[in-house]
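S.K.: My questions concern the predicted model and sequence given below.
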Amino acid sequence: MLILSSPSGAGKTTIARRLLAEDSEIRPSVSVTTRAPRPGEVEGKDYYFVSRDTFDRMAEDNAFYEWATVFGNSYGTPKAQIREGLKEGRDFLFDIDWQGTQQLSQKAGTDVVRIFVLPPSIQELHRRLSGRGTDSAEVIADRMARAQAEITHWDSYDYVVVNDDIDACFAQVREILAAERMKRTRQTGLIPFVRELLKPQG
Ligand SMILES: Nc1nc2c(ncn2[C@@H]2O[C@H](COP(=O)(O)OP(=O)(O)O)[C@@H](O)[C@H]2O)c(=O)[nH]1
Ligand SMILES: Nc1ncnc2c1ncn2[C@@H]1O[C@H](COP(=O)(O)OP(=O)(O)O)[C@@H](O)[C@H]1O
């Protein structure tokens, strides 16, 4: 379970989309949200957009691994789509906030890799939120007001990358993923091979 978090506008969606396009081994965890779709966002790809009633019913029915309220809207990770994949040992990418990261870490323990994406500066964060052109001035002001509070949670992540140059930052994320996949504890498929190597020779 690879988690990407950042203050809004630092670039996690950009990194996530590129990773999903280039790495066929990892699948997205598509969240459910009460937030309205932004122009260009696709139902079932970026989010499942639902009403407040539907979200509350899903929460009551225990349909989420975790959920949280961010910027006045609710966001949740639905269990159904990832349960089977996780059993099969597939990699999943989560674009979730620090609250969801804490909840998933408690549930999944060592199977979680957490990356926090920092902007190169607060001024650049503002430029990116404005340049994205998807949010009103009011929404941008709200996200900027929350950015520093979100950055204070950077120390509960395993890795921190600064998204200054997108290519350099993306390369770092790929390196983290490559190294994590090579961890001995994740390479259970190698056990028969190692047993073979250890057989007495001759
Ligand atoms: N806990 C939790 N956070 C989520 C989930 N889906 C999205 N988020 C977070 O909600 C925040 C707002 O997301 P969004 O409205 O798409 O704006 P963004 O920050 O520009 O990507 C971001 O920090 C996301 O990482 C989820 O299922 N659970
Ligand atoms: N390294 C970068 N340099 C310049 N602009 C970037 C960079 N990374 C992302 N952006 C732009 O900044 C805006 C916010 O990025 P986005 O991925 O939507 O952030 P988040 O998902 O963290 O809110 C988008 O318009 C995106 O194209």
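M.R.: Alright, I've got the coordinates. Ligands and ions are numbered 1, 2, ... in the order given.
S.K.: what sits against Val173?
M.R.: Contacts for Val173 (Cβ atoms under 8 Å, 6 or more residues apart in numbering) come out as 4, 15, 19, 115, 161. Any C-beta I mention is one placed from the backbone N, CA and C, and that applies to glycine too.
S.K.: got it, and Gln172?
M.R.: Gln172 neighbours (Cβ under 8 Å, 6+ apart): Val161.
S.K.: ok, which residues in the chain are in contact with ligand 1?
M.R.: Residues of the chain lying close to ligand 1 (Cβ under 6 Å from any ligand atom) are 5, 8, 13, 31, 35, 66-68, 70, 75-77, 95-97, 99-100.
S.K.: ok now do the residue of the chain found nearest ligand 1, which residues does it touch?
M.R.: Residue of the chain nearest ligand 1, by Cβ to the nearest ligand atom: Gly100 (2.4 Å). Residues in contact with Gly100 (Cβ under 8 Å, 6+ apart) are 3, 66-68, 75, 77, 94.
S.K.: same thing with Leu2?
M.R.: 26, 91-94, 113, 115, 177, 180.
S.K.: Tell me what it is bridged to.
M.R.: Beta-bridge partners for Leu2, by DSSP bridges, are Leu93, Val113.
S.K.: how much space between it and Gln102?
M.R.: Leu2 sits 16 Å away from Gln102, going by Cβ to Cβ, to the nearest Å.
S.K.: my read: Ile176 touches Ile115, true?
M.R.: Yes - when contacts are counted by Cβ atoms under 8 Å, Ile176 is listed as touching Ile115 (6.2 Å).
S.K.: Tell me which helix or strand in this protein has the weakest average pLDDT.
M.R.: helix 79-87 (a mean of 86; mean pLDDT, DSSP states H and E).
S.K.: which residues are in contact with that one?
M.R.: 1, 27, 29-30, 62-65, 92.
S.K.: could you pull out the helices for the chain?
M.R.: 12-22, 52-60, 79-87, 98-108, 122-132, 137-151, 166-181, 191-198 (DSSP state H).
S.K.: among these, which is nearest Pro39?
M.R.: helix 122-132 (10.3 Å; Cβ to Cβ).
S.K.: confidence score at the residue of the chain positioned farthest from its centre?
M.R.: Each residue of the chain has a distance to the centre, and by Cα atoms, centre = their mean the biggest one is for Gly202: 50.3 Å. pLDDT recorded at Gly202 is 80.
S.K.: Now do the same contact list for Lys107.
M.R.: Contacts of Lys107 (Cβ under 8 Å, 6+ apart): 65-66.
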